[in-house]
Structures are given as C-alpha cells and as structure tokens.
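> I need the structure of the sequence given here:
(chains A, B and C)
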Amino acid sequence: MDAFYASVMIRDRPELHDVPVVVGGGHRGVVLSANYPARRHGIRSGMPGAEAARLCPDAVTMAPDFGLLTPVSRAIMETFRTVTPLVEVTSLDEAFLDVRGALRLFGSPEAIAERLRSRIRAEHGITCSVGIAATISVAKLASRQAKPDGVRVIAPDRFVEEVHPLDVGVLYGVGEATRQRLHRLGLVSVGDVAAIPPDLLRRMLGRHLGTHLHALVWGADRSELVPGGAGVFGFGEGEPEGSMGAQHTLAVDVRDRDALRRELLRLTARVAARVRAAGRTGRTVTVTVRYSDFTTVQRSRTLPEPTDVTQDVYAAALTLLDGLLDARGPRPLAVRLVGVRVEGLRRLRPGDGRQLVLGERDPGWPDADRAVDRAVDRFGQAAVRRASLL
DNA sequence: TCTGGGGTCCTAGGACCC
DNA sequence: TCTGGGGTCCTAGGACCC
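Numbers count the residues shown, from 1 in each chain, chains lettered A, B, ... in the order given. So this is what the prediction gives:
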C-alpha cells in the first residue's frame, strides 16, 4: 500500500487529502507514515516527530488507529488470496504473491496487478503499487520504484541493465550499515558488488552476508514464498519458534528504580498474556534498557523450564533489570526505554508446567493468570491489575 | 521536542559434551 | 616436541525489515 497508515486514516476525511498529514511522531515518537503532501516537505517515515514538526509545522498529526487499520489490512490480504493461496504477508500493508499458478485464470502478471489495484481502490479508497519480478528482492525493489500508485516490471533478462547501475542501498536487505561498509570498500553500485567473486565477497563480509549479497546483486535470491504471515498475524507451524516482546519509551527519562520496576511489570504482564493467548510457552527472557544517552543494552536469561506465567517471567526480568542498573554503579544514567521479550516460544503441551522445587508450596500464579485473563477478556484491560500498577 | 515498537536472522566467544 | 574435531547451548551485540 502507498502510505498505508496515513491513507486509511484520512480516507473518509476529504478535507485532509491535500494537506500534509503525519501518523505517529507524537512526544518522543517517530513518524509511522506520511501522506504525499507531507512528503513534499521532506517528511519520511522513521523520522523523529520533532524533525517532522520542524519541516512542516502546519502538518496535521494523528495517532494510528489499529481498530481501523487492521480490518482494512485483513480484507486486502483476503483479496490477494482470491488470486492465489500463495500469499506471504510481511506486514500490515505489504505482501508477496506467487501468481505463477494464476496466469491461465487471470491473465498476465500486469493484468493481475491492475485487477488487484482497482479492487483495492474501489473497496478501500486507497492506492497501492506493485512490483513484478522473478524473485522476492527484485519484486520489492520494483514495487519501491513503482510508488506511488504504479506498476513496474523487472524481467530477469533486464535485471543487469536496470539494476546494476543503481546504488547498492536499493537492494532489499542492504540497510544503511551495510551500504556504508560497501561504500568504504569502494563498492558503490550494485554492479560494483557483482564484479566481486563470491569467495572474495564472503571473506570481506562474512559467510552469510557474502553469500546473500552475491545472490542479491544477480537478482537470484529466493522465489518460493512462505504462505501465511508468521510474526504478523500469528505463527506458522513448527517449533520452537519466534518471540514476543513489549518495550516502551518513557515520557521522560527515569532514574527511580521502583518506577522502572513497575514499568517492567506492566510490560511483562502484557507480554505474558499474549504468550498465553497464543497457546505458547517460552524459555528465554530478555530485558532491554536504553539509557538517556541512547546506548542500548540487553541481558537475557534462559530458564530451566519454559513458562507462560507472568510472575515467572517477571522474576527473571527483574533480576536482569537490577543487574543492569547495579552494573552502572551508584549514579546510573537515567533510563529512556525498558523492554522485555520472551524467546524460544513453543506450543504449549498438556502437562507442561512449572517444576516445583521439593517442599515448595505451589504459589498459584498460573491460576491467578488464568483468572486475570478471563476477567480482562470479559471486562477490558481496566478490570484487573496488580495493585502496584494502580 | 532527537531518535517507536514489533519482529527475524546472523556472528562470535565460551561452556560443555563425546 | 601440549593439547583434535565435531557438535549444542547460552549470551550479547548488531543488522535489517515495516
């Protein structure tokens, strides 16, 4: 989708169509999406909200409404599935479609693209762009070039001619860090990298990145899709797999340890509830702290047994947080962000449960979690919470 | 008013095992 | 001329994506 969040948020507000609109970017936030009038002022997604405000003080700023965005996203993904079941969803507003099996029914890839674009325009009042190619990364590159509201084809026999002259940064998977690293090595264009033998590339950049980059510069990365939306709308099959986390940038930097602990508890309760709702358990707990100088550290701990119990995750997280704060000495930096993540998730199996230490009394936390989950499910988030969070 | 929040994957060192 | 080779697991950091 083109500027998805912004497009959907203003879809039913025609008075905003021709004025700069920014979604996100509130206090200490970044821009999630900007409509094209805002982009003409230089506003881009990922940019600090303060910078966007400087570039265009008159822009209309709004928070994303996922109650609005998620159903639109789901409906669009369903539209894609009317063409092919081979849809790999990568985010709320983007997916890859393998249309090789749909050509006889729906015509050329270009015809399919126009069919989908006009349906999405008619049903949701927003535009999208389509890249057509033989592999994931080339299709992605083509779709970026197609924006806004366009279609672009990069056929395999045109790849070298059309992509090799471009900066390596256009490749899907080459971010700013790798781009700069390559530039320092004198490799500026895609063609420059393509001229390096793969063995040398691997020695220069490491085994995986070298191999991956060699494939990218020849338009030869993967073409088989993984249908579904692992990590976007849920999980695929197989285990162990995945992680779930929550992090929060505090409204102001905080030194008070009790306040940080409460924030950690709030985040932990949210994450553990999501783990339980997904029918998973996890074994590794990771705590993230970002200090006021923006240095970010993580500490993780793997438990003897997987858990979905809020109190178990919190106990581990608290130990990690305290360890981090103690390591900073008696006068630690103020904290800007705290986060907690549960990794090594696997499907909950009947009989899974915490191993009680001999003689220990079952404290009943799993039962408490289930009761809280049910109450919140029926009466909303405000129904039950820890007293320390009131 | 500097810099979000949700993820995935890779690297590298050390512990540990056979 | 004292120390291999194969492997897994854990931890910390970093790159990348939207």
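> secondary structure element for the nearest residue to residue A:79 once chain neighbours are set aside?
Nearest residue to residue A:79, sequence neighbours excluded (CB to CB, 6 or more residues apart in numbering): residue A:119, at 5.6 Å. Every residue, glycine included, has its C-beta placed from N, CA and C. Per DSSP states H and E, residue A:119 falls inside helix A:109-124.
> Quick check: which helices or strands does that helix pack against?
helix A:66-81, helix A:103-106, strand A:130-132, strand A:151-153 (3 or more CB pairs under 8 Å, 6 or more residues apart in numbering; DSSP states H and E).
> Contacts for it next, please.
A:1, A:8, A:11, A:72, A:75-76, A:79-80, A:83, A:97, A:99, A:102-103, A:106-107, A:126-128, A:130, A:132, A:149, A:151, A:153 (CB atoms under 8 Å, 6 or more residues apart in numbering).
> rerun at 10 Å
Residues outside helix A:109-124 that contact it (CB atoms under 10 Å, 6 or more residues apart in numbering) are A:1, A:7-8, A:11, A:71-73, A:75-76, A:79-80, A:82-84, A:97, A:99-100, A:102-103, A:105-108, A:126-133, A:139, A:143, A:146, A:149-153.
> pLDDT weak spots in the stretch 101-250 of chain A?
Counting by pLDDT under 70, the stretch 101-250 of chain A has low-confidence residues at A:229-240.
> run the last query once more with 80
Along the stretch 101-250 of chain A, the model assigns pLDDT under 80 to residues A:228-241.
> Would you mind listing what in it touches DNA strand C?
Within the stretch 101-250 of chain A, the positions adjacent to DNA strand C are A:140, A:171-179 by CB under 7 Å from any atom of the strand.
> at 10 Å what do you get?
Residues of the stretch 101-250 of chain A that fall close to DNA strand C, judged by CB under 10 Å from any atom of the strand: A:137, A:140-141, A:143-144, A:168-182, A:208-209, A:212-213, A:216, A:231-232, A:240.
> I figured residue A:178 hits residue A:168, correct?
Yes - proximity of residue A:178 to residue A:168 meets the contact threshold set by CB atoms under 10 Å, at 7.8 Å.
> List the contacts of residue A:385.
With contact taken as CB under 10 Å, 6+ apart, residue A:385 is in contact with A:265-266, A:269, A:372, A:375-376.
> quick one on the thing from earlier: how far away from the center of its chain is the helix holding residue A:119?
Relative to the centre of its chain, helix A:109-124 is centred 26 Å away, using CA atoms, centre = their mean, to the nearest Å.
> What residues of it count as buried?
Across helix A:109-124, burial judged by 16 or more other CB atoms under 10 Å covers A:109, A:112-113, A:116-117, A:120, A:124.
> One more: stretch A:2-18?
Of the residues in stretch A:2-18, those buried (16+ other CB under 10 Å) are A:2-10, A:16.
> burial count for residue A:269?
23 (other CB atoms under 10 Å).
> so who does it touch?
A:246, A:310-311, A:313-314, A:340, A:369, A:372, A:376, A:384-386, A:389 are the contacts of residue A:269 under CB under 10 Å, 6+ apart.
> This completes my enquiry, with thanks.
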